[in-house]
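> what's the 3D shape of this:
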Amino acid sequence: MMRCMMTLVDIKEQLEQLDLQIIKLLDERVHICAGHSLSADEKLDILSLWLEEAADKGLDEARVEKIGKLAIAMSSDTGEE
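Sure, this is the predicted structure:
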């Protein structure tokens, strides 16, 4: 049985599409949160969701935690996190 092999060009194109989707989602997140402040507890709840999903999917939780904190910081009025 022959396996389908992706070329480096195919991989690059798929990664570019995923990256564009991530950027679009971050933009949507920032716009949804514009003018609203999240409490420390709400931020912690959001980060917990990121970590739970990472664990469920077998992703590196330390790296996902960093990404989650950055996403929260981008969406908060203070820009802190």
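
> could you pull out the helices in the chain for me?
Secondary structure of the chain, counting by DSSP state H: helices at 8-33, 40-57, 61-75.

> which of the ones you listed sits most buried?
helix 61-75 (a mean of 15; mean count of other Cβ atoms under 10 Å). Where C-beta positions appear, they are placed from N, C-alpha and C, glycine not excepted.

> what comes into contact with that one?
The contact list for helix 61-75 (Cβ atoms under 8 Å, 6 or more residues apart in numbering) reads 26, 29-30, 32-33, 38, 43, 46-47, 50-51, 53-55, 79-81.

> make JSON lines from the helices of the chain and add mean pLDDT to it.
Listed next are the helices of the chain as JSON lines, based on pLDDT from 0 to 100:
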{"stretch": "helix 8-33", "mean pLDDT": "95"}
{"stretch": "helix 40-57", "mean pLDDT": "97"}
{"stretch": "helix 61-75", "mean pLDDT": "96"}
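
> how close does residue 52 sit to residue 65?
Applying Cβ to Cβ, to the nearest Å, the value for residue 52 to residue 65 is 11 Å.
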